[in-house]
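Visitor: Here you go, sequence then predicted model.
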Amino acid sequence: MEIEVFNETDEKLEKELQDLKELLINVAHDEDLDNILFNVIIVDNDKIKELNRDYRGIDRETDVISFALEDDKTFNLSDIRVLGDIYISIDKARSQAEEYGHSFKRELSFLAIHGFLHLLGYDHMREEDEKVMFAKQEEVLARYDISR
């Protein structure tokens, strides 16, 4: 398993990102996903707005965007599942933590788990799919005692 976390901002986030990486490793193990590779990239609002505009046609910031490589069936490395990339806006994570009245760690963890589930094929376009995905997110956060 290989999970890389990159900080493309000027913020000092070493501890937070190490904790995030450990959480994602544990969640992957819990899901019996030992043969995976993906990245988490921490960016600012300007960068995530650019990504959202260029790849989704939505010209505004968002909190998290996942680019799932398994959606493209031509990309395969036999023994390793290359899942893709998760981009998280650090600015949105901070403002949403404040808005929702919980810790930055909780918001960052939520966004990372949300993006990870997208890489695994979960979605929330339909109400029934949203219920499944959001229940899974809350289950993971509760399991690791990351509460509101």
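Guide: Received, thanks.
Visitor: Over to N39. Which of the three states is it?
Guide: strand (DSSP: H, G, I helix; E, B strand; the rest coil).
Visitor: Could you give the number of residues near it?
Guide: By other Cβ atoms under 10 Å, the residues close to N39 number 17. For the C-beta atoms, the positions are set from N, CA and C on the backbone; glycine is no exception.
Visitor: what's the answer for E14, then?
Guide: Neighbour number of E14 under other Cβ under 10 Å is 9.
Visitor: Tell me the spacing between it and F67.
Guide: Per Cβ to Cβ, to the nearest Å, E14 is found 25 Å from F67.
Visitor: Ok, Y100 next?
Guide: Using Cβ to Cβ, we find Y100 at a distance of 25 Å from F67.
Visitor: With neighbour numbers in mind, choose between the two.
Guide: When neighbours are counted by other Cβ under 10 Å, Y100 and F67 differ, and F67 comes out ahead with 19 against 12.
Visitor: which residues does that one bridge with?
Guide: In this entry, F67 is beta-bridged to D85, by DSSP bridges.
Visitor: Report the separation between E2 and L33.
Guide: Distance from E2 to L33, by Cβ to Cβ: 12 Å.
Visitor: Between those two, point out the one with more neighbours.
Guide: Legend: neighbour count by other Cβ under 10 Å for E2 and L33, higher for L33 (16 against 11).
Visitor: tell me the SS of the closest residue to L119 other than its chain neighbours?
Guide: Of all residues not flanking L119 in the chain, L83 sits nearest, at 4.1 Å (Cβ to Cβ, 6 or more residues apart in numbering). Three-state call for L83 (three-state DSSP): strand.
Visitor: so what's L83 up against?
Guide: Contacts for L83 were tallied using Cβ atoms under 8 Å, 6 or more residues apart in numbering; they are 36-38, 68-70, 119-120.
Visitor: The same query, at a cut-off of 7 Å, please.
Guide: 36-38, 68-70, 119 (Cβ atoms under 7 Å, 6 or more residues apart in numbering).
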